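*Asks:* Sequence and predicted model, in that order:
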Amino acid sequence: MNEQRALDAFAALSQETRLRIVRLLVSAGPEGLSAGAIGEAMDGASSSRMSFHLGHLEQAGLAVSRREGRSIIYSAAYPALSALVEFLMRDCCQGHPDVCNPAVAALSACCQPGQGAPRSPNRSL
């Protein structure tokens, strides 16, 4: 990921609703969620408001959509999210791996069976 793409991603994530949506989509897994389900999870936000935010996330490369019948399903763009984390951590540690170990452990734990239970998107990190 280059610096401009990272800036675009961070700009998209700097808005509360969009950050909550990305966290919700990450928790939902690759199956994703319908736009309606996302709106309900965002305190019943209107479809036009959700469309605006989801479009912004797609444009930033952080979410992808697909049509299933009459529904549009949104999923986290895991490769882009991974690239964003890698962009931040690329030059980490400077020979001190103990500095990065907590971040690596947290990322590894979220993908283990029975670990990293999804949090409410309203809950702080």
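*Replies:* Sure thing, it's come through.

*Asks:* show me where the protein has helices.
*Replies:* 3-13, 16-28, 35-41, 47-59, 78-89, 97-109 (DSSP state H).

*Asks:* Dump those helices to TSV, plus mean pLDDT.
*Replies:* Listed next are the helices of the chain as TSV, based on pLDDT from 0 to 100:
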stretch	mean pLDDT
helix 3-13	97
helix 16-28	97
helix 35-41	95
helix 47-59	95
helix 78-89	91
helix 97-109	76
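
*Asks:* Nearest to Arg67, out of the ones you listed?
*Replies:* Minimum separation from Arg67 across the helices of the chain (Cβ to Cβ) falls at helix 35-41, 10.8 Å. Bear in mind the C-beta positions are built from the backbone N, C-alpha and C, glycine included.

*Asks:* And the closest one, what does it pack against?
*Replies:* helix 16-28, helix 47-59, strand 71-76 (3 or more Cβ pairs under 8 Å, 6 or more residues apart in numbering; DSSP states H and E).

*Asks:* Turn these into JSON lines, including distance to Ser82.
*Replies:* Below are these laid out as JSON lines (distance: least, Cβ to Cβ, whole Å):
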{"stretch": "helix 16-28", "distance to Ser82": "11"}
{"stretch": "helix 47-59", "distance to Ser82": "16"}
{"stretch": "strand 71-76", "distance to Ser82": "10"}
